[in-house]
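# build the 3D model from these lines:
(one chain, ligands or ions: 1)
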Amino acid sequence: MAPSAVPTVTLNNGVEIPQLGFGVFQVPDDETAAAVTTALETGYRSIDTAAIYGNEAGVGRALAASGLPREELFVTTKLWNADQGYDDTLRAFDTSLSKLGLDYADLYLIHWPAPARDLYRASWRALERLADEGSIRAAGVSNFQPGHLARLTDGAQLIPAVNQIELHPGLQQEELRSFHAEHGIATEAWSPLAQGAVLGERVIVDLAARHGKSPAQVVLRWHLQLGNVVIPKSVTPTRVRENFDVFDFALTDEEMGALAALDRGLRTGPHPDELN
Ligand code: NDP
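Next comes the predicted model:
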């Protein structure tokens, strides 16, 4: 499928993000360029990394080698907790950008609220400045709970364009998704496959058989139909391609309902109130 056929979600500042992207959490730097190259060859144009992943340089090498025009790419990176605070954020952003070999990022996220550090409001002011200067096309957050979002936006110039949160059939995040809808924040799902933990669920396996697709494809389709932005990760080329092949079938309302019943508070990562 042509990259241009991937639907986009329009962010609250008019910037468009591809609804399906490629994540590189836990991919070692020296394997990242190969994984990202496979993704770009498959048609992915949105890549999600973070300073703490230690692989921004690998992402940058693949982007440069692809020869793709910069404006066709959508690159997200994230501010690590230890770098929060106004000046530290600006410095950390420069480091990320130079590792990526880019002169702007499409989306920059505060990785975690780290509430005990109490620096996310100061960090956000730095993201507002980066957006204002054109160093980032959109500013967002990750792992923010409704209370963190309310505190962040009180008196802020910008409303986050995105909140990237853990979201999959085992953790459907109803409360945050409606908060986002109400405030014009796009929902981006991390660990969209629950790192594989939901792929053996009977309902998912049965729907996969019914549609002649894989369990991962059913889960990704469920996300797309909910309107989530998704960034599945794989270092396995067949899976990278499989995860991109999700635009030729649709789940019925009844099938979406059957998947809704799988919500059970399953977290594969830390709780945002607790990670500092
Ligand atoms: P995912 O839910 O994307 O699952 C990745 C795992 O599933 C890997 O073990 C992969 O194996 C396997 N897998 C991928 N595709 C398939 C498939 N088609 N069939 C079977 N198994 C499959 O988990 P992640 O935690 O990586 O989340 C995705 C991205 O979200 C991250 O890479 C990162 O960019 C972002 N993220 C953000 C966080 C945040 O705090 N903001 C936290 C965590 C993730 P293999 O690679 O061996 O093929």
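# who in this protein is up against the ligand?
23-25, 48, 111, 142-143, 164, 190-196, 199, 214, 216, 231-236, 239, 242-243, 269 (C-beta under 6 Å from any ligand atom). For the C-beta atoms, the positions are set from N, CA and C on the backbone; glycine is no exception.
# just the buried ones from these?
The neighbour count (16 or more other C-beta atoms under 10 Å) marks 23-25, 48, 111, 142-143, 164, 190-195, 199, 214, 216, 231-234, 239, 242-243, 269 as buried among these.
# now do stretch 125-140: everything it contacts.
11, 13, 15, 17, 79, 86-87, 89-90, 93, 97, 104-110, 124, 156-158, 160-164, 185-186, 188 (C-beta atoms under 8 Å, 6 or more residues apart in numbering).
# now, which of these lie within helices?
Counting by DSSP state H, these place 86-87, 89-90, 93, 97, 124 in helices.
# would you mind giving those residues as TSV with neighbour count added?
Formatted as TSV, the ones in helices among the contacts of stretch 125-140 follow (neighbours: other C-beta atoms under 10 Å):
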residue	neighbour count
86	16
87	10
89	25
90	19
93	22
97	21
124	24
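# indicate the residue of this structure located nearest to the ligand.
The ligand sits closest to residue 23 of the chain, with a gap of 2.4 Å, by C-beta to the nearest ligand atom.
# quick one: average pLDDT of stretch 222-233?
Taken as a whole, stretch 222-233 has a mean pLDDT of 98.
# quick one: buried residues of it?
Buried-residue list, stretch 222-233, by 16+ other C-beta under 10 Å: 222-224, 226, 228-233.
# could you dump that stretch to PDB, C-alpha only?
C-alpha atoms of stretch 222-233 as PDB (Å, rounded to 0.1, in the frame of the first residue of the first chain):
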ATOM      1  CA  TRP A 222      -9.700  -1.900  16.500                       C
ATOM      2  CA  HIS A 223      -7.400   1.000  17.300                       C
ATOM      3  CA  LEU A 224      -7.800   2.600  13.900                       C
ATOM      4  CA  GLN A 225     -11.600   2.300  14.100                       C
ATOM      5  CA  LEU A 226     -11.600   4.000  17.500                       C
ATOM      6  CA  GLY A 227      -9.600   6.900  16.000                       C
ATOM      7  CA  ASN A 228      -6.400   6.200  18.000                       C
ATOM      8  CA  VAL A 229      -3.000   6.900  16.500                       C
ATOM      9  CA  VAL A 230      -1.000   3.600  16.800                       C
ATOM     10  CA  ILE A 231       2.800   2.900  16.800                       C
ATOM     11  CA  PRO A 232       3.400  -0.900  16.900                       C
ATOM     12  CA  LYS A 233       7.000  -2.000  17.300                       C
END
